[in-house]
Each structure stands twice: as structure tokens, then as C-alpha cells.
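In: okay, here's the prediction I keep looking at, along with the sequence it came from:
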Amino acid sequence: MVLSKNRDAELFARLRSEALRPLVEMARWKSAGHAVAAFMILGRMAGYSDEAAQGAWNRGEREAVISAVLNRR
């Protein structure tokens, strides 16, 4: 999560090409403590502010954020 805090476009491009599927899988894990970091990275990749991503997490809207990042080109 720390590495994605700057929202570096090059990093996000690399994550998209090399780690998108594992991040999505991790964000769907049942253990919130293990899933939240991947979810927040995906939220950042989708263009969500940290506050908006956290709000979606709190509301149980994981799939909305995952869909947003998968549909973003």
C-alpha cells in the first residue's frame, strides 16, 4: 500500500499488467485484515480517493471498486 500512495502512473501500469488478477483475488479474501491492502491499491488504481475507497470498503462495496478498476483503461 505504501508504494501506491503517490499514485504513480508507471507503477499502476505495471501492477495492471503483472498483478491485477492476484490483487483482485486478494481483495476478495474473506479475511478483512488480509484483503484491505489489495482493495485499497485497486481503489487507487481505479481513481478513488483513499477516503472514497475506505467508504466503499465500510459499506461492503468491494465488487463496485473491483469492477471500476477492471473497466478502467
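Out: Structure's in. What do you need? Residues are numbered from 1 along each chain as shown.
In: which strands and helices sit next to the helix or strand where Glu10 lies?
Out: For Glu10, the enclosing helix or strand under DSSP states H and E is helix 9-27. Under the contact criterion of 3 or more CB pairs under 8 Å, 6 or more residues apart in numbering; DSSP states H and E, helix 9-27 touches helix 32-45, helix 62-71. For the C-beta atoms, the positions are set from N, CA and C on the backbone; glycine is no exception.
In: just these: most buried one?
Out: helix 32-45 (a mean of 19; mean count of other CB atoms under 10 Å).
In: what's the angle between that one and helix 9-27?
Out: 150 degrees (axes from the mean of the first three to the mean of the last three CA atoms, to 10 degrees).
In: okay, now the spatially closest residue to Ala35 that is not a sequence neighbour: neighbour count?
Out: Closest residue to Ala35 apart from its sequence neighbours, by CB to CB, 6 or more residues apart in numbering: Trp29 at 4.1 Å. Per other CB atoms under 10 Å, the neighbour tally for Trp29 reads 14.
In: ok, now which ones touch the residue nearest the centre of the chain?
Out: Geometric centre of the chain, nearest residue: Leu42, 1.4 Å, by CA atoms, centre = their mean. Shown in contact with Leu42 (CB atoms under 8 Å, 6 or more residues apart in numbering): 23-24, 27, 65-66, 69.
In: residue contacts, Ala27?
Out: So Ala27 contacts 35, 38-39, 42, 62, 65-66 (CB under 8 Å, 6+ apart).
In: which one of these is nearest Glu51?
Out: Nearest to Glu51 among the contacts of Ala27: Val65, at 12.9 Å, using CB to CB.
In: what bits of the chain have low per-residue confidence?
Out: Scanning the chain for pLDDT under 70 picks out 73.
In: which of the contacts of Leu42 sit farthest apart?
Out: Those two in these that are separated most widely, counting by CB to CB, are Leu23 and Val65, at 11.2 Å.
In: so what's the residue count around Gly55?
Out: Neighbours of Gly55 using other CB under 10 Å come to 13.
In: ok, Glu61 next?
Out: Neighbour number of Glu61 under other CB under 10 Å is 13.
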